[in-house]
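Chemist: sequence and predicted structure below; questions after.
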2 protein chains.
Amino acid sequence: MSLVIVGSVAFDTIETPWERKEKIVGGSCTYCSLAASYFTRPKIVAVVGEDFPKDTISFLKKRNIDLRGLKIVPGGKTFHWQGRYGYDPNQRETVRTDLNVFENFRPEIPASYKKADIIFLANIDPDIQENIFLQVEKPKLVAMDTIGLWISSKPTTLLRVLKSVDIFFVNDEEIRILTNERNLIRAGKKILGMGPSLVILKKGEHGALVFGPDLLFGILAHPCEDVIDPTGAGDSFAGGFLGYLDKVRSFSKKEIRRAAVFGSVMASFTIEDFGIDRFKTLKPGEIQSRFEHFKKLISF
Amino acid sequence: MSLVIVGSVAFDTIETPWERKEKIVGGSCTYCSLAASYFTRPKIVAVVGEDFPKDTISFLKKRNIDLRGLKIVPGGKTFHWQGRYGYDPNQRETVRTDLNVFENFRPEIPASYKKADIIFLANIDPDIQENIFLQVEKPKLVAMDTIGLWISSKPTTLLRVLKSVDIFFVNDEEIRILTNERNLIRAGKKILGMGPSLVILKKGEHGALVFGPDLLFGILAHPCEDVIDPTGAGDSFAGGFLGYLDKVRSFSKKEIRRAAVFGSVMASFTIEDFGIDRFKTLKPGEIQSRFEHFKKLISF
């Protein structure tokens, strides 16, 4: 099968209570495709400026990510996001956003991508997400992510896109705003009535819940003592989840459960270092052994 | 084996965003012993006033709870706690506390209790908890619970008691204050260096983590769509956990994992109704079937 990921490739400036990193490589598409690259050969659709580092492009290629959909705007500047985390890594604040080349980004799906089986609309303007639907031939599965910004600024488009997708990745804070429900179980089930047939509710250090018709699955987060940088955890979750499904070519309940564990595994690696650095050393054997560790953690 | 529970038997006035219940029966010892009564025959040590309802005493007896340690003070008034929950059931505020007969409570362990195998010091003044140690012959296992009030008002005694116990039940908010650690995994491990050989970290709707030397176990909360009254969930967890261990007469890692699941199961029933009402209808078969449901919820 094949997996197309549409999202941002970006510079992030990250402030944690302990450290600050200036303009390191980030972006929803970057994290997601790196995580997925351990399971399949993801194809990405994104835009960067001429200032984007060549060695990162080489690294993405080396990870066997298809970059034919990555547009490099001559003379352009790459999208930049600046965020600050509190002592609680679940709490983050956007300090600054420079759209740069993203301002006029109208993603074009390369011809070679059009028959993709799985499309992931990573966090990005819902108008852009909607536009993607017009460009692809009927995929087997469309998944999306979003952030609070779009829930409050573009709710109408967002709800329209949501209606058309199969899988919705969302975190606890976002789902409470979107559904106006405090209780996460009710909130998850409510989303099932809004379009998606599968809801992946990400709860940071508390793990994730998967809701489907006739499916409720819970997974813990890997017990991590040192969260270095939480950025990209959600995107890495989606990458592990969708990359695994693309690899096994099945959307059975059994594989969806396993996919969620691999999602949690990939997220747990991402937060162990700043930006995408952990992917520079991560070996497939480590992924498998953490998967086994999850089994031990919960078995009774 | 045998399990002795020392704590409060009380009246609670509960305010949720949807309902208010005036002076219904509650108390750490009440919840804990009711939950434990499905596994063993718990013996309680507590005090009430003459105003305590006779039919509740009959109900506790009917549940086969040993009441020889329950002191009824003639003319006295039962301890009363009033609390208010927000839309987030994890957030609660104490509105009022009337100590009443608790003010001068110096628990006396009946002679028939002194050879208890497991002692549970439910949430209660740490001075009283400490006093219990002087009265019992060497039990196999001592467990304790506490609340934020004692962590801030009596830290020295609390830390001294903590040093002597085997198992510490604590919630996420309390452990963060006690250890000054945001990261729950580090916080849990830190407590292991402060006395207990087992830490049960309760996270409300996010489940629980169990820390021991060479043991880390995670359990989800039962997915509950209608949390009617969160009061007593932690005490019911402890009751299920300790009641089960008392029943199986083993503290092996395998049984500790299963005990935590039964703890979570018992807590999940308590919150389905106000006060102790759910115990009035709860059947053993429901407990077993929820235990099986936990397995399904997490299996991959």
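Modeler: Sure, I can see it.
Chemist: confirm that A:F279 sits in a helix.
Modeler: Yes: the assignment for A:F279 is a helix, going by DSSP: H, G, I helix; E, B strand; the rest coil.
Chemist: and A:R249, how many neighbours?
Modeler: Counted with other C-beta atoms under 10 Å in any protein chain shown, the neighbours of A:R249 add up to 11. To be clear about C-beta, it is placed using only N, CA and C from the backbone, and glycine gets the same treatment.
Chemist: list the contacts of it.
Modeler: Neighbouring residues of A:R249 by C-beta atoms under 8 Å, 6 or more residues apart in numbering or on different chains: A:M1.
Chemist: spell out which parts of the stretch 201-300 of chain A neighbour chain B.
Modeler: A:203, A:205-207, A:209, A:216-220, A:223-227, A:254, A:257-258, A:260-261, A:295, A:297-300 (C-beta under 8 Å from any C-beta of the partner chain).
Chemist: so the strand or helix carrying A:F168, near chain B or not?
Modeler: Here A:F168 sits within strand A:167-171, counting by DSSP states H and E. No: with C-beta under 8 Å from any C-beta as the criterion, chain B is not reached by strand A:167-171; the gap is at least 13.4 Å.
Chemist: next helix or strand past that strand?
Modeler: helix A:172-179.
Chemist: tell me the angle that next one makes with strand A:167-171.
Modeler: Angle of helix A:172-179 versus strand A:167-171, following axes from the mean of the first three to the mean of the last three C-alpha atoms, to 10 degrees, is 110 degrees.
Chemist: off-centre distance for helix A:172-179?
Modeler: Taking C-alpha atoms, centre = their mean, to the nearest Å, one finds helix A:172-179 lying 17 Å from the centre of the chain it belongs to.
Chemist: same for it, what does it pack against?
Modeler: When contacts are defined as 3 or more C-beta pairs under 8 Å, 6 or more residues apart in numbering or on different chains; DSSP states H and E, helix A:172-179 packs onto helix A:148-153, helix A:184-192, strand A:198-202.
Chemist: switch the cut-off to 10 Å
Modeler: Judged by 3 or more C-beta pairs under 10 Å, 6 or more residues apart in numbering or on different chains; DSSP states H and E, the packing partners of helix A:172-179 are helix A:148-153, helix A:155-164, strand A:167-171, helix A:184-192, strand A:198-202, strand A:208-212.
Chemist: and for the first one, what's in contact with it?
Modeler: So the one you mean is helix A:148-153. Applying C-beta atoms under 10 Å, 6 or more residues apart in numbering or on different chains, the contact partners of helix A:148-153 are A:94, A:97, A:123-127, A:129, A:157-159, A:161, A:170-171, A:173-175, A:177-178.
Chemist: show me which of the residues you listed are buried.
Modeler: A:123-126, A:129, A:157-158, A:161, A:170-171, A:173-175, A:178 (16 or more other C-beta atoms under 10 Å in any protein chain shown).
Chemist: of all the residues you listed, which comes closest to chain B?
Modeler: For these, the closest approach to chain B (C-beta to the nearest C-beta) belongs to A:E173, at 11.8 Å.
Chemist: what's the nearest residue to that closest one if we skip its chain neighbours?
Modeler: Of all residues not flanking A:E173 in the chain, A:G148 sits nearest, at 6.7 Å (C-beta to C-beta, 6 or more residues apart in numbering or on different chains).
Chemist: how many other residues sit next to that neighbour?
Modeler: 13.
Chemist: wait, what's in contact with the closest residue to A:K203 other than its chain neighbours?
Modeler: In this structure, A:K203 finds its nearest non-sequential neighbour in A:D172, 5.0 Å apart by C-beta to C-beta, 6+ apart. For A:D172, the contacting residues are A:90, A:184, A:187-188, A:201-204, A:206, A:208-209, B:205-206, by C-beta under 10 Å, 6+ apart.
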